[in-house]
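>>> The amino acid sequence is not available; the structure is as follows:
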């Protein structure tokens, strides 16, 4: 299956895209991909929501880059999100750096990239943008929304913000709000970027790229995506450098080399300012805060819900998804919660796709 | 109880202090404090081993600084380490920066600070230095050795390296070796320092201090000393900045401010090069690696052992201390292991001193 990234620029009715902060954006483009065919009724669509640093290219082999989509194992003919039945859409979020409007985009008013002058975006803003995109594609309602991590936060937001538009939801490895540890870890990543002298208060476009800062930010963040068990199994204490390096300052272990490589590679595909903006969106997402309780936030939802957690996820632990299920039940809603047995931690939403596929196929059929 | 830091410089027999790496140091000074009185037999001594970033000032009110020792709750007349009965010694480790020889010390051969030319030190080197210090004080054998974290690693090393010298040991919140996650987290801290342009390959003495790098290194490290539960209870998601900052890039939460303050404060008391050297010592400590198994490493030990772990410690989890107990039993040794119920994580060895005191008093009496 080949795929292609398309771009939708909001024109009208909202010439100005209204953000939750009260600020507006005069021009918003969302990069998106679609797989499968929308039916006449416009009601066989499924929206896939990506995590922090992914993009619109969720499935297929990209026509230009040859890259395989990040959830290709899950989306396609006969797969969990079955493109023989469903019209599957995935869009790069507002604030991102993979084709959608974000801090690295040109500010039409100044002719220069926004940088730190880009307005703060929220999970709600992302979802509102996606709604306009779906409407432009002729989607009348969603058979399902699903995503993990920041994608799971968006799924919750979808359920609450557009209750009549969403028939089912599969939030994965997410929570109503980030824990204090999650906030603290985000701070380590943020400071890594701000510390980089090349960051220049966000005005580094066209100048030196803040490689060191972004690499380190990713290193700290990446640790939260894997589990201690995974790292022990995969790397343990194997030395990377020759053993004589144990007596030389800077001797290093496989797992340390792996982490540094992960940071380096990340720099070729992500923008430091988008890292800061999307971090902030994740940090400030606090589902149920406005309505006073989680249960009340779910009150208006009409979706069937399947929650999926991973035993070894320490960023969004099992208890966080159990809390969501309890609140859904309190609100009188149907919700299952399944914890997948895995050593892969948070990233199990990518690695353990076989187990997840079974759960989702069964859920969508019922 | 007033206390005073003293300094011991190795003179003779070892004019050159031999390191495990094969390198030698021509002059080694250890800063230390003592509390209580050594008996005639020289056998009522207890050695207290400090963690990564602490110092020799374990108890009492320091005569010069007025500061209270880091384990003052545990050491003194009638306390767990009872100075009415015992002669208690604590020394700043080799490689440290609180009075003992380390990378910030003057290299007598060049007249400049060692910086990155300081030889790599190991937990074994630290213990060998402490042995010479104790002998110089007239200590014939130790009634006990105890310490948490890196101090616990030293306690294990003491049991194996000087089996006839150590009658009992209380290793707390430590393990035979750091996990892959531990190594990975250390790498984040290390890169934070190396990324700082002021680090200058370790030759920053007399120039700008690498504040940003060391602060960030400490922030990442500090997170491993506290638990997710602790952070939720203590800070939760309380905003530090005004709530309007949720819509301003850089809005921050209490827990994030706390972490940044922790990093800043740390800079007034610690040396970035010592951070790198002591990290490396902790990383490469691998108890039982040379003998082929943990049990064989314990074979020659003659100490009674009490192992203490904390339920919410994620740096040195309960299972790591259980592994030590199992190996001690395999080696035919007496060893108890008690897990303290606490939400305070790794740092419970400081905060939960009442519970620990009871365990240690009972252990030392028996």
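Nice, I can see it. Because the structure is predicted, anything quoted here is derived from the model rather than measured.
>>> isn't residue A:218 right next to residue A:269, touching?
No: between residue A:218 and residue A:269 no contact is recorded; they are 10.2 Å apart, counting by Cβ atoms under 8 Å. Glycine gets a C-beta too; all of them are placed from N, C-alpha and C.
>>> The two: which has the busier surroundings?
residue A:218 (25 against 11; other Cβ atoms under 10 Å in any protein chain shown).
>>> so, in contact with chain B or not, stretch A:289-309?
No: Stretch A:289-309 does not reach chain B (Cβ under 8 Å from any Cβ of the partner chain); its nearest approach is 8.8 Å.
>>> Could you give the separation between the terminal residues of that stretch?
22 Å (Cα to Cα, to the nearest Å).
>>> average pLDDT across that stretch?
Confidence over stretch A:289-309 (mean pLDDT, whole number) is 96.
>>> buried residues in it?
Neighbour-count burial for stretch A:289-309, with 16 or more other Cβ atoms under 10 Å in any protein chain shown as criterion, is recorded at A:294, A:295, A:297, A:298, A:301, A:303, A:304, A:305, A:306, A:307, A:308, A:309.
>>> From residue A:351, how far out is the closest residue to chain B within the stretch 251-366 of chain A?
Closest residue of the stretch 251-366 of chain A to chain B, Cβ to the nearest Cβ: residue A:256 (4.0 Å). For residue A:256, the distance to residue A:351 equals 21 Å [Cβ to Cβ, to the nearest Å].
>>> of those two, who's got more company?
Set side by side, residue A:256 and residue A:351 show more neighbours around residue A:256, with 25 against 17, by other Cβ under 10 Å.
>>> The more buried one: helix or strand, and which one exactly?
Element membership of residue A:256 [criterion: DSSP states H and E] is helix A:254-266.
>>> Give me the helices and strands touching that helix, please.
Counting contacts by 3 or more Cβ pairs under 8 Å, 6 or more residues apart in numbering or on different chains; DSSP states H and E, helix A:254-266 packs against helix A:211-225, helix B:180-195.
>>> Compare those and report which one is nearest to residue B:85.
Nearest to residue B:85 among the helices and strands packed on helix A:254-266 is helix B:180-195 (36.0 Å), distances taken as Cβ to Cβ.
>>> Tell me if the closest one is near chain A.
Yes: counting by Cβ under 8 Å from any Cβ, chain A is contacted by helix B:180-195 at B:180, B:181, B:183, B:184, B:185, B:186, B:187, B:188, B:191, B:192, B:195.
>>> so the first one touches residue A:231, yeah?
Put plainly, it is residue B:180. Yes: with contact defined as Cβ under 8 Å, residue B:180 counts as touching residue A:231 (3.6 Å).
>>> Name the residues contacting each of those two.
Common contact partners of residue B:180 and residue A:231 (Cβ atoms under 8 Å, 6 or more residues apart in numbering or on different chains): residue A:255.
>>> For residue A:41, what are phi and psi?
Here is the backbone geometry of residue A:41 (degrees, to the nearest 10): phi -70, psi -10.
>>> What is the burial count for it?
8.
>>> all helices of chain A, in order?
Remark: helices of chain A, listed N- to C-terminal, are A:123-136, A:150-161, A:180-195, A:211-225, A:228-234, A:254-266, A:272-284, A:294-298, A:318-330, A:348-351, A:353-365; assignment by DSSP state H.
>>> Please compute how far the shortest one lies from its chain's middle.
Here the centre of helix A:348-351 is set off from its chain's centre by 13 Å, with Cα atoms, centre = their mean, to the nearest Å.
>>> what does the fourth one give?
How far helix A:211-225 lies from its chain's middle: 16 Å, per Cα atoms, centre = their mean.
>>> That one near chain B at all?
Yes: contact between helix A:211-225 and chain B is present through A:212, A:213, A:215, A:216, A:219, A:220, A:223 (criterion: Cβ under 8 Å from any Cβ).
>>> Give the buried residues for that helix.
Applying 16+ other Cβ under 10 Å to helix A:211-225 flags A:211-225 as buried.
>>> Check what pLDDT residue A:14 gets.
Predicted confidence (pLDDT) for residue A:14: 55.
>>> cool, and residue A:108?
At residue A:108, the pLDDT value in this model is 88.
>>> Okay, it and residue A:25: tell me how far apart.
Relative to residue A:25, and taking Cβ to Cβ, residue A:108 is found at 9 Å.
>>> repeat for residue A:76
From residue A:76 across to residue A:25, the span is 34 Å (Cβ to Cβ).
>>> could I get the residues of helix B:180-195 next to chain A as CSV with neighbour count and pLDDT?
Conversion of those to CSV gives the following (neighbours: other Cβ atoms under 10 Å in any protein chain shown; pLDDT from 0 to 100):
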residue, neighbour count, pLDDT
B:180, 25, 97
B:181, 23, 97
B:183, 24, 97
B:184, 24, 97
B:185, 24, 97
B:186, 24, 96
B:187, 26, 97
B:188, 29, 97
B:191, 24, 97
B:192, 32, 98
B:195, 22, 96
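>>> Same list (the residues you listed) but as TSV, adding distance to residue A:165.
Output for these, formatted as TSV (distance: Cβ to Cβ, whole Å):
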residue	distance to residue A:165
B:180	44
B:181	41
B:183	47
B:184	42
B:185	42
B:186	47
B:187	45
B:188	41
B:191	45
B:192	45
B:195	46
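>>> where in chain A is pLDDT low?
Screening chain A residue by residue with the criterion pLDDT under 70, one finds the ranges A:11-15, A:243-246.
>>> Can you tell me which residue is spatially central in it?
residue A:51 (1.4 Å; Cα atoms, centre = their mean).
>>> Please name the nearest non-neighbouring residue to that one.
Closest residue to residue A:51 apart from its sequence neighbours, by Cβ to Cβ, 6 or more residues apart in numbering or on different chains: residue A:149 at 3.8 Å.
>>> For that neighbour, give me its contacts.
Contacts were defined as Cβ under 8 Å, 6+ apart; by that measure residue A:149 touches A:51, A:52, A:172, A:173, A:174, A:315, A:316, A:346, A:349.
>>> What's the separation between the fifth one and chain B?
Residue A:174 sits at a distance of 16 Å from chain B (criterion: Cβ to the nearest Cβ, to the nearest Å).
>>> Can you tell me the closest non-neighbouring residue to that residue?
By the measure of Cβ to Cβ, 6+ apart, the closest residue to residue A:174 outside its immediate chain neighbours is residue A:152, 2.5 Å from it.
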